[in-house]
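Student: Fold the following for me, if possible:
(one chain, ligands or ions: 1)
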Amino acid sequence: MAILKVARLGHPMLRQQAPPVPVEVLRSTEVQRFIDDMIETMREYDGAGLAATQVHTLTQIAVIEVQSNPRYPQAPPIPLTVIVNPVVTPLAEETEEDWEGCLSVPDMRGMVPRYTAVRLECLDRSGQRVDIITKDFFARVVQHETDHLNGIVYLDRMRDLASLSHIAEWQKHWLGIREQSD
Ligand SMILES: [Zn+2]
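Tutor: Here you go, the predicted structure:
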């Protein structure tokens with residue numbers, strides 16, 4: 001397995017729409033190895049998720065996992081989830097603001113509104129159909145990663161850039177303060 005290089009904001013691929021992966025391509029040894037490398041890379045950098053476009057590959061694959069993550073100490077655990085060709089549908093109009101970071105926007109945090117529950121339709125890494133309801137932090141990460149596959153970063157979703165903070169200032173001035181949910 002290999003640790004992949006993560007593209008940072010400004011890399012044009014982060015702004016491109018990734019095409020879906022055909023099932024037979026997904027099942028190839030090459031793509032399966034790429035998924036293993038994505039998982040390894042996400043764990044190496046303590047990401048809660050990683051999208052293929054972040055590692056210079058224009059294809060609709062993302063990985064999500066939260067165990068005890070030093071970047072997200074308060075986050076509830078999420079089992080390892082590989083999502084392929086995701087379609088995300090909001091299940092409520094309600095959104096909630098909370099902090100997000102991104103391996104492609106290093107050392108920054110910002111308050112991002114997200115739907116609190118979404119339906120996730122996708123394939124798993126073996127090509128099986130998945131149709132699940134995700135809530136709260138899991139739903140947040142699903143929306144963040146699916147956005148990446150559509151060329152969107154969390155900064156685009158922020159209502160007010162005033163909360164955008166360097167991590168050192170964030171820890172000093174913002175940590176533990178949660179803005180009013182809407
Ligand atoms: Zn990200």
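
Student: I'd guessed Ile3 sits against Gly47; true?
Tutor: No: counting by C-beta atoms under 8 Å, Ile3 does not reach Gly47; the two are 11.8 Å apart. All C-beta atoms are positioned from the backbone trio N, CA, C, and that covers glycine.

Student: Comparing these two, which shows the higher neighbour count?
Tutor: Gly47 (26 against 13; other C-beta atoms under 10 Å).

Student: quick one: pLDDT of that one?
Tutor: In this model, Gly47 is scored at 93, pLDDT.

Student: so the residue nearest the centre of the chain is in which element?
Tutor: The geometric centre of the chain, computed from its C-alpha atoms, lies nearest to Glu145 (C-alpha atoms, centre = their mean), at 3.0 Å. Using DSSP states H and E, Glu145 maps to helix 136-149.

Student: picking up where we left off before, contacting residues around the residue nearest to the centre of the chain?
Tutor: 49-51, 62-64, 83, 86 (C-beta atoms under 8 Å, 6 or more residues apart in numbering).

Student: Looking at those residues, which is nearest Pro20?
Tutor: Distance to Pro20 across those (C-beta to C-beta) is lowest for Pro86, with 9.4 Å.

Student: Surely that closest one and Val118 touch.
Tutor: No: counting by C-beta under 8 Å, Pro86 does not reach Val118; the two are 9.9 Å apart.

Student: list residues touching both of the two?
Tutor: Val142.

Student: Need the contact partners of the very next helix or strand once past the helix holding Glu145.
Tutor: Once the chain leaves helix 136-149, the next helix or strand it forms, by DSSP H and E, is helix 154-157. For helix 154-157, the surrounding residues in contact (C-beta under 8 Å, 6+ apart) are 9, 100, 102, 105, 110, 112-114, 144, 147, 161, 164.

Student: Distance from helix 154-157 to the middle of the chain?
Tutor: Remark: helix 154-157 is offset 12 Å from the chain centroid, using C-alpha atoms, centre = their mean, to the nearest Å.

Student: The helix or strand following that helix packs against which elements?
Tutor: Toward the C-terminus, helix 154-157 is succeeded by strand 165-166 as the next helix or strand (DSSP H and E). In terms of contacts (3 or more C-beta pairs under 8 Å, 6 or more residues apart in numbering; DSSP states H and E), strand 165-166 is packed against strand 105-115.

Student: Dump the strand it packs on to PDB, restricted to CA.
Tutor: Extracted C-alpha coordinates of strand 105-115, given in PDB (Å, rounded to 0.1, in the frame of the first residue of the first chain):
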ATOM      1  CA  VAL A 105      -7.300  23.100   3.100                       C
ATOM      2  CA  PRO A 106      -4.600  22.400   5.700                       C
ATOM      3  CA  ASP A 107      -4.700  23.900   9.200                       C
ATOM      4  CA  MET A 108      -8.000  25.700   8.800                       C
ATOM      5  CA  ARG A 109     -11.500  25.200  10.300                       C
ATOM      6  CA  GLY A 110     -14.800  26.800   9.400                       C
ATOM      7  CA  MET A 111     -18.500  26.600  10.400                       C
ATOM      8  CA  VAL A 112     -20.400  24.800   7.700                       C
ATOM      9  CA  PRO A 113     -24.200  24.300   7.500                       C
ATOM     10  CA  ARG A 114     -25.200  20.700   6.500                       C
ATOM     11  CA  TYR A 115     -28.400  18.700   6.300                       C
END
